[in-house]
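Enquirer: Generate a structure from the sequence data that follows.
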Amino acid sequence: MSTHTVAALYVETGGTYFNLPDVEPWDETADARLYAGPHVVVAHPPCQRWGRFWHGSTRKPHQFKLGDDGGCFRAALADVKSWGGVLEHPADSHAWETFGVPRPRRDGGWTDAATLFETLPAWTCCVYQGHYGHFAGKPTWLIVAGLPREQLPELRWGKCEQRLHPKALEKYGYEKARRIGMMAMVGGKDKTRIRNGTPPEFRDLLLALARQCASYAENR
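Expert: Numbering: from 1, shown residues only. The predicted structure is shown next:
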């Protein structure tokens, strides 16, 4: 059986999606908003203007507009609709409400999102990347378009076990270490890359889901 090529959209230059067989990475220089097929997609549209601090730093709030991402999320959603595949965003992304995506349950399971598309079955879910190799829990929302319910896999649902950074625990004590989380202790020039990076195991899960979508479309 042939392996379906996957277009990985809005990914980091030279990151985890590069140098893989049957993966076509689209980084910032390629501008994934221009993607026109024909491959199934895994899309990671930028999330800065959709998350908890969409407005900017707490020291200088409301310097940005909610959803002002240059049309990336809208384009990514359209690509998933056109070609099938997976879209990934942080949990509690405001894009879900803006684009009418049903909120998934925190404890896991697939939520029907068929109202998004007319021609494809669509689902959304919450999964924690900490179950798939991320050093923090990192709750994440997915949209999967192109699989019927009976072909949806059971993922590692639910929250990860609590993780406390040892340096934060030593410096601040349990309560503050629990409150600020693992990612707050990441520093240095690569902190954004480390925080936003997709672990290989989670990447492989998303690629496998996308290829399932492609196989279903090919055989139906």
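Enquirer: Make sure L87 is indeed in a strand.
Expert: Yes: L87: assigned to a strand according to DSSP: H, G, I helix; E, B strand; the rest coil.
Enquirer: Can you tell me how far it is from V144?
Expert: To V144, L87 is 8 Å away according to Cβ to Cβ, to the nearest Å. (C-beta placed from N, C-alpha, C; glycine too.)
Enquirer: same check, this time on N219
Expert: Distance from N219 to V144, counting by Cβ to Cβ: 17 Å.
Enquirer: One more: C47?
Expert: C47 sits at a distance of 18 Å from V144 (criterion: Cβ to Cβ).
Enquirer: Equivalent analysis for A36, please.
Expert: Here A36 is placed at a distance of 21 Å from V144 (Cβ to Cβ).
Enquirer: So those two - more neighbours on which side?
Expert: Under the criterion of other Cβ atoms under 10 Å, the comparison of A36 against V144 puts V144 first, with 26 against 8.
Enquirer: which SSE is the residue lying closest to that one once chain neighbours are set aside in?
Expert: Spatially, and ignoring its direct neighbours in sequence, V144 is nearest to W123 (4.9 Å; Cβ to Cβ, 6 or more residues apart in numbering). For W123, the element it lies in under DSSP states H and E is strand 122-128.
Enquirer: Please save the CA atoms from that strand in CSV.
Expert: Output of strand 122-128 as CSV, limited to C-alpha atoms (Å, rounded to 0.1, in the frame of the first residue of the first chain):
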residue,chain,number,x,y,z
ALA,A,122,-15.3,16.3,11.1
TRP,A,123,-14.4,15.9,14.8
THR,A,124,-12.7,17.8,17.5
CYS,A,125,-11.0,16.7,20.6
CYS,A,126,-8.7,17.7,23.5
VAL,A,127,-5.4,15.8,23.9
TYR,A,128,-2.4,16.5,26.2
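Enquirer: what does that strand contact?
Expert: The contact list for strand 122-128 (Cβ atoms under 8 Å, 6 or more residues apart in numbering) reads 91, 96, 101-114, 116, 137-147, 149, 152, 155-160.
Enquirer: This completes my enquiry, with thanks.
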